[in-house]
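# Sequence first, predicted coordinates after that:
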Amino acid sequence: NASLELVRQKGFEHEATVLKQLEAGHGPAASISTSGTLEKRVADTLVAISDGAPLIYQGAFANDRWVGFPDFLIRTGRADDIWLYEPEDAKLAHKAKAEHLLQLGIYAALLNEAADSPITKGAIHVGGGEPERFDLKRTRSITSRLMRKFESFAGLTERKTKAVRTSACKQCPFQSRCDAEWRAADSPVYVAGIRGDQIIKFEAAGVRTLTDLAALSPTSPIPGISKESVARIANQARLQKKGADQGKGLVEVLPVEPGRGFTLLPVPQDGDLFFDMEGDPLFPEGLEYLFGIWGPVGSDRADLFHPIWAHDHAAEKVAFQELMKLFMAHLTRYPKAHIYHYAQYEPAALKRLAMRHATMEVELDHLLRSKCFVDLYQVARRAIRASSEGYSLKDLEKIYWGKRTGDVTNAGDSIVEYERWRETSVQTILDGIAHYNQDDCVSTAKMRDWLDGLRPAGAEYGLSESEPEQDADALARAEQR
């Protein structure tokens, strides 16, 4: 998987950068060889601790239950003839996560057991920012409880386990095996919008397959799941089953609700724009490197693609300013026009850019308050039911558009290709990314037209006073871009 390999390589590069920074402050690290046995690595780590090495790299600890490999051990002092150390790890994430803190806590517990070094503090060296430091004494009891809970589970002599779909599946080398098992078992995991906890509750009620769900009455009571959710999931499964049996994409129009669905979809206007952004989360502190617009930008033609590129943070600021000025000028020319996008990435990214660069805040606030941006995901999710296994742009466009062309077909590919361009500067790579971004913009335009063609009578455009609800179930399912 090219995306995973890229993240892995970037992780190694980040770890090497952190090691260089730590050696600048502590001197050359005592590096523990990773080629030997676990027992040898543990013994070498304890020797380095006994010798009082200021910095230990790739240490190892183990007892009869746990194994830990802290990236770094930092010597902090000496007490009662014992050298004191703190564990630190390098993580490519822009912000430390709960699991990172738990990992530090386990390292500290193993360090305390193996070398009598008291549990004190630890740090996570995040990507593109200052290290985040934690008082591990404050989380010691939580860490111990979670360790005991896992030990109890691992110690069961008889237990049945099975694959459960989570947000980490895309990063797992066993995904293809799990997919094969789920397909063979007709698993309901592929029902759009269903959550893992809901699958468990349906199974407890005897509804174990997608076919079972498709045959379930929408009014059937399922303990722990609301009536509305049961009806939504059962109807979704029914349509997916029907679409699979017929070998084609199907769509149903949902009942009109004020402030939702079709009532959030403006009437098409001259000057409407379709907007999509490409970002690289692996760039230090992240980079929004392409702002793509499809529409009559500076022209009367509606089929023009206008890309704005940025390859560093200084250029990102300039590109953001250019984009906002373009939007403001365009909407002066076309006061009834809207800017269409799919899901919340674009508005959220624009807000981040306004804060990061301290520019164009007034203009962005005006566009947001004037409801110039239209999120077609919010329209589609409450306006229609589709036989697709998700409601991402790539899922739905199979119904209204067809298969894409080009080597770059998803956001993960675009990140891999952009990182490859950073290494090679080959123009054809950027051309491929631009083609992908243009396809996203065109697909967004086609979706708007498709949805407008499905609009039922009595579903006139008119925003309610309150913002439309975020569909948390669907947003958590998959990448929406």
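Looks like it arrived, so ask away.
# only C-alpha atoms for contact and neighbour calcs from this point on.
Fine.
# who are the neighbours in contact with Arg382?
Leu254, Arg260, Gly261, Phe262 (CA atoms under 8 Å, 6 or more residues apart in numbering).
# Restricted to helices, list those.
Per DSSP state H, helices hold no members of these.
# Restricted to buried residues, select the residues you listed in PyMOL.
Buried subset of the contacts of Arg382, written as a PyMOL selection, criterion 16 or more other CA atoms under 10 Å:
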select buried, resi 254+260+261+262
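# of all the contacts of Arg382, which two lie farthest apart?
Leu254 and Arg260 (10.6 Å; CA to CA).
# Overlap in contacts, the two.
By the contact definition CA under 8 Å, 6+ apart, Leu254 and Arg260 are jointly contacted by Arg382, Ala383.
# and the helix or strand hosting Ala349, C-alpha only, in CSV?
Using DSSP states H and E, Ala349 sits in helix 345-357. C-alpha atoms of helix 345-357 as CSV (Å, rounded to 0.1, in the frame of the first residue of the first chain):
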residue,chain,number,x,y,z
TYR,A,345,-12.9,19.7,4.6
GLU,A,346,-12.9,22.9,2.6
PRO,A,347,-14.6,25.3,5.0
ALA,A,348,-12.6,23.8,7.9
ALA,A,349,-9.4,24.2,6.0
LEU,A,350,-10.1,27.8,5.1
LYS,A,351,-10.8,28.6,8.8
ARG,A,352,-7.4,27.0,9.7
LEU,A,353,-5.7,29.1,7.0
ALA,A,354,-7.2,32.3,8.2
MET,A,355,-6.1,31.6,11.7
ARG,A,356,-2.6,30.3,10.7
HIS,A,357,-1.8,33.3,8.5
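# And that helix, what does it pack against?
Packed against helix 345-357 by the contact rule (3 or more CA pairs under 8 Å, 6 or more residues apart in numbering; DSSP states H and E) you find strand 273-280, helix 313-333, helix 361-369.
# can you give me the angle the shortest one makes with helix 313-333?
In terms of direction (axes from the mean of the first three to the mean of the last three CA atoms, to 10 degrees), strand 273-280 departs from helix 313-333 by 170 degrees.
# Show me the contact partners of strand 273-280.
Strand 273-280 is contacted from outside by 286-296, 337-342, 346, 411, 414-415, 418, 437, 440-442, 444-445, using CA under 8 Å, 6+ apart.
# for the strand or helix carrying Ser144, packing partners?
Assigning secondary structure by DSSP H and E places Ser144 in helix 140-154. If contacts are counted by 3+ CA pairs under 8 Å, 6+ apart, helix 140-154 sits against helix 98-115.
# avg pLDDT for the helix it packs on?
The pLDDT scores in helix 98-115 average 96.
# for it, which positions count as buried?
In helix 98-115, counting by 16+ other CA under 10 Å, buried: 101-112, 115.
# Point out the most buried one among the helices and strands packed on helix 345-357.
Stretch with highest mean neighbour count among the helices and strands packed on helix 345-357: strand 273-280 (a mean of 23; mean count of other CA atoms under 10 Å).
# Also compute the angle for the helix or strand that that one is followed by relative to helix 313-333, please.
Using DSSP H and E, the helix or strand that follows strand 273-280 in sequence is strand 287-294. Strand 287-294 and helix 313-333 are oriented at 30 degrees to each other (the same axes, to 10 degrees).
# report the longest helix in this protein, please.
helix 427-454.
# which residues of the protein score low on pLDDT?
For the chain, the stretches flagged by pLDDT under 70 are 463-481.
# So which residues of the stretch 151-300 of the chain form helices?
175-184, 196-204, 210-215, 227-246 (DSSP state H, counting those that start in this stretch).
# got the ones you listed as TSV, with mean neighbour count and distance to Lys20 columns?
Formatted as TSV, the helices of the stretch 151-300 of the chain follow (neighbours: other CA atoms under 10 Å; distance: least, CA to CA, whole Å):
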stretch	mean neighbour count	distance to Lys20
helix 175-184	14	35
helix 196-204	16	42
helix 210-215	20	52
helix 227-246	19	52
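# so what's Phe320 up against?
Applying CA under 8 Å, 6+ apart to Phe320 gives the contacts Leu350, Leu353.
# How many residues are close by Phe373?
19 (other CA atoms under 10 Å).
# And Ser392, by the same measure?
21.
# can you give me phi and psi for it?
Ser392 adopts backbone torsions of phi -70, psi 170, taken as degrees, to the nearest 10.
# distance of it from Thr444?
Computed as CA to CA, to the nearest Å, the Ser392 to Thr444 distance reads 11 Å.
# now Gly206
40 Å.
# go on, Glu397?
Counting by CA to CA, the gap from Glu397 to Thr444 is 9 Å.
# So these two - more neighbours on which side?
Between Glu397 and Thr444, Thr444 has the larger neighbour count (other CA under 10 Å), namely 25 against 21.
# His341 is in contact with that one, correct?
Yes: if you go by CA atoms under 8 Å, Thr444 and His341 touch, sitting 6.6 Å apart.
# Now for the two: what residues contact both?
The contact sets of Thr444 and His341 overlap at Phe274, Phe275, Leu376 (CA under 8 Å, 6+ apart).
# Quick one: residues contacting the last one.
Looking back up the chat, that one is Leu376. For Leu376, the contacting residues are Leu265, Tyr340, His341, Tyr342, Ala343, Thr444, Met447, Arg448, by CA under 8 Å, 6+ apart.
# can you redo the helices of the stretch 151-300 of the chain as CSV with distance to Gly453?
Shown next, in CSV, are the helices of the stretch 151-300 of the chain (distance: least, CA to CA, whole Å):
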stretch, distance to Gly453
helix 175-184, 34
helix 196-204, 34
helix 210-215, 28
helix 227-246, 20
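# Thr424: which of the ones you listed is closest?
Between the helices of the stretch 151-300 of the chain, helix 175-184 lies closest to Thr424; by CA to CA that is 31.0 Å.
# quick one: the closest one to chain centroid distance?
22 Å (CA atoms, centre = their mean, to the nearest Å).
# Could you do stretch 11-25 as well?
In this view, stretch 11-25 has its centroid 26 Å away from the chain centroid, taken as CA atoms, centre = their mean.
# Show me what counts as buried in it.
Applying 16+ other CA under 10 Å to stretch 11-25 flags Gly11, His14, Glu15, Val18, Leu19, Leu22 as buried.
# and if you look at stretch 113-130?
For stretch 113-130, using 16+ other CA under 10 Å, the buried residues are 115, 117-128.
# ok, now stretch 185-196?
Using 16+ other CA under 10 Å as the test for burial, stretch 185-196 gives Ser187, Pro188, Val189, Tyr190, Val191, Ala192, Gly193, Ile194, Arg195.
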